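S.K.: Predicted model, plus sequence, below.
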Amino acid sequence: MLKSMMVARAKEELEQEILDKEEEKQKYLAEKAPPLQTSGMSFTELQELCRELHAKIDVVDEERYDIEAKVNLNAREIKDLNIKVLDLRGKFKRPTLRRVRVSADAILRSLLGSKHKVSMDLRANLKSVKKEDTEKKRPVEDSDWRKNVEAMSGMEGRKKMFDAAKGPTQ
């Protein structure tokens, strides 16, 4: 309720500000550029009016050029100062940070505050595996591995591996 009232009030103020700006713009234009009265003027008077308007345009263009030059100068100065700041930052050594071990519970407590009551036991979600099952699934040859390497070395061993992979299709 309060929030909607604040939003409505802000909207009204924004609309009022837009209207005020529009009125100020109209006043400024009426003051600086009054409507031209060209009816009933002779050709020479119109030419003189055009010369005056042209002179005013020249003055405005000069002012615009001067302001643009100042803006470019300030932009260059800001760029140079930013480069100096970056150079100064690079000269100082940053201290080495130490690694801090934080548990998942501590992270949740810091993020959620006192609302955090569930402890995260990540090991509870893991599947338990019995050692006996793994030994039965993977039969291990008790023979010496050196004998197997010697038997498979050379062309004879490669032929045996090829024949074994090919399988008894004959």
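M.R.: Structure's in. What do you need?
S.K.: mind checking which helix or strand of the protein has the lowest mean pLDDT?
M.R.: helix 131-137 (a mean of 58; mean pLDDT, DSSP states H and E).
S.K.: Point out the other helices and strands that the helix or strand where M5 lies packs with.
M.R.: Per DSSP states H and E, M5 falls inside helix 2-32. Here helix 2-32 touches no other helix or strand, going by 3 or more Cβ pairs under 8 Å, 6 or more residues apart in numbering; DSSP states H and E. Just so you know, the C-beta spots here come from the backbone N, C-alpha and C atoms, and that holds for glycine as well.
S.K.: what ranges of the protein fall below the confidence cut-off?
M.R.: 91-94, 114-125, 130-162, 164-170 (pLDDT under 70).
S.K.: Which strands and helices lie in contact with the longest helix along it?
M.R.: Longest helix of the chain, by residue count under DSSP state H: helix 43-91. Counting contacts by 3+ Cβ pairs under 8 Å, 6+ apart, helix 43-91 is packed against no other helix or strand.
S.K.: Just want the angle from it to helix 2-32.
M.R.: Calculated by axes from the mean of the first three to the mean of the last three Cα atoms, to 10 degrees, helix 43-91 forms an angle of 130 degrees with helix 2-32.
S.K.: so after helix 43-91, what's the next helix or strand?
M.R.: Sequence order places helix 104-112 as the next helix or strand after helix 43-91, per DSSP H and E.
S.K.: Tell me which other helices or strands that following helix touches.
M.R.: Applying 3+ Cβ pairs under 8 Å, 6+ apart, one finds that helix 104-112 makes contact with no other helix or strand.
S.K.: Can you list the buried residues in it?
M.R.: For helix 104-112, a neighbour-count test (16 or more other Cβ atoms under 10 Å) marks 108-109 as buried.
S.K.: could you dump stretch 46-54 to PDB, C-alpha only?
M.R.: Extracted C-alpha coordinates of stretch 46-54, given in PDB (Å, rounded to 0.1, in the frame of the first residue of the first chain):
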ATOM      1  CA  LEU A  46      14.000  41.400 -45.600                       C
ATOM      2  CA  GLN A  47      17.600  41.300 -46.800                       C
ATOM      3  CA  GLU A  48      18.700  43.300 -43.700                       C
ATOM      4  CA  LEU A  49      16.800  40.800 -41.500                       C
ATOM      5  CA  CYS A  50      18.500  37.900 -43.200                       C
ATOM      6  CA  ARG A  51      21.900  39.500 -42.600                       C
ATOM      7  CA  GLU A  52      21.100  40.000 -38.900                       C
ATOM      8  CA  LEU A  53      19.900  36.400 -38.600                       C
ATOM      9  CA  HIS A  54      23.100  35.200 -40.400                       C
END
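S.K.: Perfect, I'm done here.
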